[in-house]
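Visitor: got a predicted structure here, sequence first:
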Amino acid sequence: MKIIYKVGFTPSDLKTFHTCLHLNIYTCITTLIAAMDALSIPFGFDPLNPSNDRRSSNMSRASESQGNIGNKYSGLPMIPDPFERKRSGSFVRSNSKSSTLLPVGRDLARQGSIAQTAKHLYDSDREREKRRLDRAGTSRVETPVEIAVKYLLSNSVHQQFITGEGLSEQVVNAIETVWSDCGIQYCYTRSNEYQLLDSCSYLMKNLTRICASNFVPTEEDILHTRIKTTTVTETKFTVEGVLYRVFDVGGQRSERRKWAAHFDNVEAIIFLVAISSYDQACADAEGMNRMIESINVFNSICNHPLFKNTSTILFFNKIDLFREKIKTSPIQSYFPDFHGGENYDEGCLYFEKKFLDLNRVQGKQIFTHFTWATDTKQIAKILKDVRASILKLNLQIVGLQ
């Protein structure tokens, strides 16, 4: 909204976005690295030709490049693995009762032939390495990707990211090396099985520019920045002489207790749903499908007596991701009563109906919009419609329309 209504960003705001973009990059690459173990995918695994394991040629070339790459990354202390707990169970292999809340479709990729081949190679690698260590007491020569991974998980790299200062060329090269690995790319296609930022692809595509010493975030960069909402933030802007105050409240379960104080005398509630989240699990409730969680929260807000006369606007966001995702991740795998195949419009109508059918307040109208947050022109038009609908409902309440 700051971009659309020309509120502008202060130098402090831009510095914050600069730091957050770097941290987002670090989060993405370390999440992918952790997911490789969690999903049992070996580096160098080629899903397009899984039976032809090209990793052996990578390893034979590794000794040649060891002198060039190893000197960059060797001898650095490692930070504790922040994903170790998740690897042990709750990351993707949850055995808890809550996992039954997530529809069976989430397991399809894991049970497919390519995933099983990857797991077989991963387990074979582990067993072969264990035998080597037991027999000779030395490990094999690491590949360039493995060396880059070790470097990225070192204390020195971790410090570069958390200080908010510029990132070295070594770090950028290491990230590019890992991101270009075909095993990592396969892992990326299964990102619904773990918690990966939606902006990962954008960040990696713009990695060199974002990590440059003279980098200043653009509006598009800001739109792709992920800052977890841990407090209630307020944005003010004036349109046609009317002051609007928008409160952004945290969607996470732990933040919902803070909502109540900001719900008195609100004229409208804008409820955002990531329509692309139909095949994902909640970050703070492993095993709970994100879309089902959104449906449950919307149900409680929509039918709350406090909001009987409050305008409700429902945004189905991330339609760009949704349009692409349904081609490879069938909606029916997660919502068996859907029968629209890969049809984008059918998918949109299906989820829209699921939410609208929750409304039990007689006469209450819910306005729905399908949005792509990074398309500011589309959002500007929709917000104009939102302002008009708020005005119309307010006039109806006071009996002037």
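Guide: It's in.
Visitor: now G340: closest residue in space that isn't a chain neighbour?
Guide: E346 (2.8 Å; Cβ to Cβ, 6 or more residues apart in numbering). Quick note: C-beta positions are derived from backbone N, CA and C, even for glycine.
Visitor: excluding chain neighbours, what is closest to L121?
Guide: The shortest distance from L121 to any non-neighbouring residue, by Cβ to Cβ, 6+ apart, is to P42 (5.1 Å).
Visitor: show me what contacts L391?
Guide: For L391, the contact set (Cβ atoms under 8 Å, 6 or more residues apart in numbering) is empty.
Visitor: got the contact list for L314?
Guide: Contacts of L314 (Cβ under 8 Å, 6+ apart): 271, 273, 298, 352, 355-356, 366-369.
Visitor: make it 10 Å
Guide: Counting by Cβ atoms under 10 Å, 6 or more residues apart in numbering, L314 touches 269-273, 298, 302, 352, 355-356, 366-370.
Visitor: where does the residue nearest to G340 fall, secondary structure wise?
Guide: helix 344-356 (DSSP states H and E).
Visitor: list the buried ones in that helix?
Guide: By 16 or more other Cβ atoms under 10 Å, the buried positions in helix 344-356 come out as 347-348, 350-352, 354-355.
Visitor: output the below-cut-off pLDDT ranges for the stretch 301-401 of the chain.
Guide: Filtered on pLDDT under 70, the stretch 301-401 of the chain yields the residue ranges 373-376, 393-401.
Visitor: what's around R387, how many residues?
Guide: 15 (other Cβ atoms under 10 Å).
Visitor: related to what we said a few turns ago, verify the stated contact: the residue nearest to G340 with F338.
Guide: Yes: between E346 and F338 there is a contact under Cβ atoms under 10 Å: 7.9 Å.
Visitor: what's the overlap in contacts for those two?
Guide: With Cβ under 10 Å, 6+ apart as the test, E346 and F338 both reach I331.
Visitor: now do the buried residues in stretch 197-205.
Guide: Buried residues in stretch 197-205, counted by 16+ other Cβ under 10 Å: 197-204.
Visitor: point out the ones among the residues you listed that are inside helices.
Guide: Judged by DSSP state H, the buried residues of stretch 197-205 include 200-204 as members of helices.
Visitor: please pull out the lowest mean pLDDT helix or strand from the protein.
Guide: helix 84-85 (a mean of 39; mean pLDDT, DSSP states H and E).
Visitor: sorry, back to before: what about the residue nearest to L121, which helix or strand?
Guide: Going by DSSP H and E, P42 is not in any helix or strand.
Visitor: now it: how far from T19?
Guide: 34 Å (Cβ to Cβ, to the nearest Å).
Visitor: more neighbours, those two?
Guide: More neighbours surround P42 than the other of P42 and T19, with 21 against 17 (other Cβ under 10 Å).
Visitor: so what's the more buried one up against?
Guide: 36, 53, 55, 118-126, 181, 183, 186.
Visitor: filter those residues to the buried ones?
Guide: Using 16+ other Cβ under 10 Å, the buried ones in the contacts of P42 are 36, 53, 55, 118-119, 121-122, 125, 181, 183, 186.
Visitor: quick check: the farthest pair among the residues you listed?
Guide: By the measure Cβ to Cβ, K119 and D181 form the most distant pair in these, at 17.3 Å.
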